[in-house]
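> model this:
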Amino acid sequence: MLKGRYRGNMGTRHRDFAGANPSAAEAIDRHPRADPEAALLQRVRIALAMIAGAVVLTTLIDLSSGQVPPGFLLTSNTINLALVALFYQFTRWSRATRHAIVVAWSVPAIVCAMLALSGIVSGDIHAAVIMSAGTVLITATIFPWGLRPQLATVACAGLAIAANLHWVSNDPAIPVSYEAVAGAVLSMVVSIVITYERQLTWQAMRNENQVRVLAEAQTATLHQHLERIVTERTALLEATRQDLERQIADHEAALRLLRETQQQLLDIVDNSSALIFVKGLDGRYRFIGIQGEARLKMPRDQIIGKTVADLFPGETAAASEASDRVVLATNQALETEDTVVGPGGARTYLTLRFPLRDAAGVVYGLCGISTDITKRKQMETELRRTEALLSSVIESSDQAIWSVDRRFRFTALNSVVRHRFRELFGTEPEVGSALDACLPPATREFWRTHFEQALSGQSRVVDFEGTIDGAPRQLLVSLNPVTEGGSVTGVVVFTKDITRFRRAEEQARQHQAELAHALRLSTIGEMSTGLAQDLRRPLMAIVRTADDCQQTLQSGPIDPAALAQRIGQVTAEALGAAESLRHLRRLVRKNSSPLDGIDVNEVTRNAVRIVAVRHPELPLHVSLAPDLPLVRGDRIQLEQVVLNLLLNALDALQAVPTEARTLAVHTLLADGSAVEVSVRDTGAGLDPGLGGRMFAPFVTTKPKALGMGLAISRSIVEAHGGQLWVTPNPAGGSVFHFTVPLP
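Have a look, this model is predicted:
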């Protein structure tokens, strides 16, 4: 009831305003004083703080006066302070706002009850009367809650005073001051009057605030409405301005794009190699590219407005006008090839004419694109002449020249091809014929494999053996890919009969073998004394060892171990002599050894062993690289090369004192692709007069030599795919090198 009344007194005018203007009601609700419950609770918290202060103050006074026992006083006041703190915390609870009047009224009610209880217990009625009167005055002063809650508070205070009077007045020891009671009653009446006046004043102030808030709300609403109208008009004006600016920008962009397009078109026309022109229906030039100035030798502005009859000779003008009439009559494009005679001579042009139409499709003129094809015509003529010349050269060649495409069909061939196919396979190919149809079934897979490799971009050279009229023939077939635009489009084939060349090569090889054999015989003749000594030494050792064995057998007891050792020595000497004979026989043998894997270190050691037998006193240094890979070649021929170089070095050492003579042999792996052998001497060195003729046949500095040693050695090395050369020795003398490639 208290709450409903309070809300009715304080919210009546608010509801009137709210009904009149909802937006104003919202503004009033948002006003700082529009929430009475919150304001009341805020005052309650102030009152609680004042009560706590009063409790503390009275406690200090009572303790100083000594009228109340300290224990009771502290307990009572502690309970009071705890209740004050509990109520203070309760007022901050959100639900307390819904019952603000009840919560506020309970504070003075509990205070009055505590005062009554305190007065009864302590027997001090005056304190209870004074505090009760002070309580109603304080609530009337600080609580804005209306008349009825204040009357309820006065009733509580009156009950507290009455209870004190009832319980305390019966005790004659406690004096009662009725003046204090009368003053308390007067205070209660005054509090009711104050509350009533405050209620009237509060309602008047709230009404004024509501009117002011309503006016402010209406002003704000009007201001918002005006702002909204201004904002809308401003936005409309801004949108109109932006739209106008966008239209202007689009227009300017369109104009700029048009100018750029026109300039681009003009640049394209002026930088084109073709002459571009536009004519009206009257045949007069309306536009012509910059090439027209160069070809007609006059500025463009002088060409515009003229006809072809004004610019070209009669025959040329008549042909051009006839072509223009055909385009305008048929309304279709026309391409013509025209020859124009000008100051620079006759020029040929390929001209494309087509009609120009407006948006309605009506023809208003024609455009022409004229390309100078004079050079192309000349190139075509030159190409035809070159093709005729090339065809004549191919046809007159003694080689079979032909080509196939990727489908293995003949695209070109000369008469020699037809003749060769007729002799070898009994077929006659023609342009467009399939290759497989012109080959025997047994050879188709062989040739298809080589052609596919050539079509993959690899050039191939094939030795082919056939039979013509019962006689064997050897042909060298070269297959080369034909590349167009980075892609292989076919294969061109050159076939040459090399039977005579092969026979000449075989005769040359036989002649070289005979020369090499003669050189080996000459070498053996030069070394015969050393070889005889090499054979005499093991034979004499065998004889001596055999005599020792015979004497041992005749002398008495035989030591088997010693005898076995002597017999082993005989065997070793005999094997050494046999090896020397086998080596001599191998060198003297005319036929070459078969091509096989050869250890170059072993070949070098064999040649060094022969030289060491002949010159045991010569310092000979041998440095052989370990783990050299095997090479493919003729063992005897390579050993002869090393031996020839060693013998030449020995001859060169004869020109220097004995103590300065040094001969060294080295082997090494050169660049991982070949084995290199070098013979280094400290002899007389190279003869400057020989120059590059040192390896030529019959060139020598020795009076009794043939001059074939280095020539044959170089031929043998080159036949193995290697090289033989000489360099000066920094220590004096020369160094001969040769290489044999790895297989």
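> what's Tyr88 in contact with, if anything?
45, 48-49 (CB atoms under 8 Å, 6 or more residues apart in numbering). Bear in mind the C-beta positions are built from the backbone N, C-alpha and C, glycine included.
> Repeat that for Gly365.
Contact partners of Gly365, counting by CB under 8 Å, 6+ apart, are 278-281, 286, 355-356.
> Bridged to it, which residues?
Counting by DSSP bridges, Gly365 is bridged to Gly280, Leu356.
> Distance check, it against Ile248.
Gly365 sits 34 Å away from Ile248, going by CB to CB, to the nearest Å.
> quick one, helices of the stretch 301-450 of the chain?
Along the stretch 301-450 of the chain, counting by DSSP state H, counting those that start in this stretch, helices occupy 308-311, 314-330, 374-396, 415-424, 441-455.
> Need those in TSV (columns: mean neighbour count and mean pLDDT).
Formatted as TSV, these follow (neighbours: other CB atoms under 10 Å; pLDDT from 0 to 100):
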stretch	mean neighbour count	mean pLDDT
helix 308-311	16	86
helix 314-330	15	88
helix 374-396	12	80
helix 415-424	17	82
helix 441-455	15	86
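> Tell me which of these sits nearest to Arg473.
Checking these against Arg473 by CB to CB gives helix 415-424 as the closest, at 8.1 Å.
> Give the other helices and strands that the closest one contacts.
Counting contacts by 3 or more CB pairs under 8 Å, 6 or more residues apart in numbering; DSSP states H and E, helix 415-424 packs against strand 400-405, strand 460-468, strand 487-497.
> switch to 6 Å and redo it
strand 400-405 (3 or more CB pairs under 6 Å, 6 or more residues apart in numbering; DSSP states H and E).
> what's the domain layout of this protein?
As assigned by automatic domain parsing, the chain contains the domains 2-224, 272-378, 397-497, 510-591, 595-743.
> which residues pair with Glu465 across the strands?
Gln474.
> out of the helices of the stretch 301-450 of the chain, which comes closest to Thr261?
Here helix 314-330 is closest among those (CB to CB), at 25.8 Å.
> is it true that Trp402 touches Thr411?
No. The pair formed by Trp402 and Thr411 falls short of the contact definition of CB atoms under 6 Å, at 8.4 Å.
> Quick check: phi and psi on Pro299?
phi -60, psi 160 (degrees, to the nearest 10).
> For burial, what's the neighbour tally of it?
Using other CB atoms under 10 Å, Pro299 has 11 other residues around it.
> same check, this time on Leu236
Using other CB under 10 Å, Leu236 has 10 other residues around it.
> Distance of it relative to Phe143?
With distances taken as CB to CB, Leu236 is found 56 Å from Phe143.
> do the same with Asp627
117 Å.
> higher neighbour count, those two?
For Asp627 versus Phe143, the count of surrounding residues by other CB under 10 Å is larger for Phe143: 24 against 6.
> Now do the contacts for the more buried one.
By CB atoms under 6 Å, 6 or more residues apart in numbering, the contact list for Phe143 reads 43, 104.
> Helix or strand for Glu216, just tell me which one.
Assigning secondary structure by DSSP states H and E places Glu216 in helix 178-271.
> And that helix, what does it pack against?
helix 2-20, helix 22-29, helix 125-142, helix 147-168.
> Out of these, name the one with the poorest average pLDDT.
Ranked by mean pLDDT, these end with helix 2-20 in last place, scoring a mean of 44.
> Trp402 and Thr411: which has the busier surroundings?
Comparing Trp402 with Thr411 by neighbour count (other CB under 10 Å), the higher total belongs to Trp402, at 24 against 16.
> Okay, the more buried one and Pro441: tell me how far apart.
Separation of Trp402 from Pro441 (CB to CB): 20 Å.
> got it, and Asp243?
Distance from Asp243 to Pro441, by CB to CB: 86 Å.
> go on, Met50?
Per CB to CB, Met50 is found 130 Å from Pro441.
> so Gly732 makes contact with Arg680?
No. Between Gly732 and Arg680 there is no contact under CB under 6 Å: 10.4 Å.
> pretty sure Ile373 contacts Thr351?
No. Here Ile373 lies out of contact with Thr351, judged by CB under 6 Å, at a distance of 9.9 Å.
> who has more neighbours, those two?
Set Ile373 next to Thr351 and count neighbours by other CB under 10 Å: Thr351 wins out with 20 against 16.
> Please give me every residue in contact with the closest residue to the more buried one other than its chain neighbours.
Distance criterion CB to CB, 6 or more residues apart in numbering; nearest residue to Thr351, sequence neighbours excluded, is Ser370 at 4.3 Å. For Ser370, the contacting residues are 275, 349, 351, by CB under 6 Å, 6+ apart.
> Going by distance to Asp398, which of those wins?
Distances from Asp398 to the contacts of Ser370, taken as CB to CB, are shortest for Tyr349 (45.8 Å).
> Can you report how many residues lie near that closest one?
19.
> Start and end of stretch 426-442, how far apart?
End-to-end distance for stretch 426-442: 14 Å, by CA to CA, to the nearest Å.
> Which residue is the nearest non-sequential neighbour of Pro619?
Thr662 (5.5 Å).
> My error: substitute Thr427 in the last question.
Cys438 (4.3 Å).
> Okay, the one you found and Phe421: tell me how far apart.
According to CB to CB, Cys438 stands 6 Å off from Phe421.
> Need the overlap of contacts for those two.
In contact with both Cys438 and Phe421: 427, 429, using CB under 6 Å, 6+ apart.
> remind me which residues of the stretch 451-600 of the chain are low pLDDT?
The model of the stretch 451-600 of the chain has pLDDT under 70 over residues 468-470, 501-502, 504-545, 547-548, 550-554, 556-559, 562-566, 569-570, 572-595.
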